[in-house]
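Novice: Next one to model:
(one chain, ligands or ions: 1)
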Amino acid sequence: MLPIRAEAVDYAAGGVPILRGVTLTLEAGPPCLIIGPNGAGKSVLLRLLHGLLRPAAGRITPAAAIRGAMVFQRPVLLRRSVLGNLRYPLALAGLGREEQARRAAAALDRVGLAALAHRPARRLSGGEQQRLALARAAALAPDVLFLDEPCASLDPAATRAVEAIIAGIAAEGCKIVMTTHDLGQARRLAGEVVFLNRGRVVEQSPAAAFFAGPASAEAAAFLRGELLW
Ligand SMILES: Nc1ncnc2c1ncn2[C@@H]1O[C@H](COP(=O)(O)OP(=O)(O)OP(=O)(O)O)[C@@H](O)[C@H]1O
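Specialist: Numbering: from 1, shown residues only. Model (predicted):
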């Protein structure tokens, strides 16, 4: 699956250009955080890289319909138990019942939800739901996991719990590609940063270099908290 390459990708909706000339490469390695101002196109870029959206121009390779797994800002859980939510995609993936049970139990342990295995998933707290969504995605052992602002509606403690899970998944060799509004979170998790502004990739840099001193004036202004237009 990796590397994933976007070459000169344009995307528009309703005749309005949203992304223009996006070229980037996602290599195996530490998490890639996509950051930038509201409306820059971060979520759209993530969906294009995952394969949920198709470019209007340019191309993304490999050209599989869907690349890796995705977790959304608001978890999409089935009207089933916590365990049922974990087992369903494993069954769809064709795994045998024993392997389903083994992976589901490991996933529950990883995110600290073993005691809630038989609860209806939709009654969990927001933080618990997001941990379940991460566990479900990671149980499929994808090469790449796309996360769209996974902590956007979580409190600081739940955010740290989700960050620890993400770091653990990354440490096992899964490439994390993630959007966030939280610069502290980007500093904590990122191995590399893609900075997007007004539909263009302004820079793709190692995280340490980016936060020490970004290459572009736009990113420097963004890090200072100045609005960009
Ligand atoms: N289906 C759509 N139809 C029309 N406009 C869209 C559509 N999807 C996204 N847009 C517009 O494209 C732009 C980029 O949206 P996107 O959600 O990718 O931004 P973002 O960087 O993730 O923003 P935020 O930080 O606010 O979540 C926005 O101006 C948005 O209104």
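Novice: can we go C-alpha only for contacts and neighbour counts from here?
Specialist: OK.
Novice: Going by neighbour count, list what's buried in the helix ranked longest in the chain.
Specialist: Secondary structure assigned by DSSP state H gives helix 156-171 as the longest helix of the chain. Buried positions in helix 156-171, judged by neighbour count with 16 or more other C-alpha atoms under 10 Å: 158-159, 161-163, 165-167, 169-170.
Novice: how distant is the helix or strand following it from the center of its chain?
Specialist: As assigned by DSSP states H and E, the chain's next helix or strand after helix 156-171 is strand 175-179. Centroid separation for strand 175-179 versus its chain: 4 Å, with C-alpha atoms, centre = their mean, to the nearest Å.
Novice: Can you list the low-confidence ranges for this protein?
Specialist: Within the chain, the stretches with pLDDT under 70 are 227-229.
Novice: what about the strands in it?
Specialist: 4-13, 16-26, 32-35, 57-61, 69-71, 144-148, 175-179, 192-197, 200-206 (DSSP state E).
Novice: Reformat those as CSV; add distance to L113 and mean neighbour count.
Specialist: CSV is the format used below for these (distance: least, C-alpha to C-alpha, whole Å; neighbours: other C-alpha atoms under 10 Å):
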stretch, distance to L113, mean neighbour count
strand 4-13, 33, 18
strand 16-26, 31, 17
strand 32-35, 27, 26
strand 57-61, 36, 17
strand 69-71, 17, 21
strand 144-148, 20, 24
strand 175-179, 22, 26
strand 192-197, 30, 24
strand 200-206, 34, 19
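Novice: A221: which of these is closest?
Specialist: Ranking the strands of the chain by proximity to A221 (C-alpha to C-alpha) places strand 192-197 first, at 11.3 Å.
Novice: ok, that closest one: who's next to it in the sheet?
Specialist: strand 32-35 (parallel), strand 200-206 (antiparallel) (DSSP bridges).
Novice: any residue of that strand up close to the ligand?
Specialist: No - figure legend: strand 192-197 not in contact with the ligand (C-alpha under 6 Å from any ligand atom); closest approach 7.7 Å.
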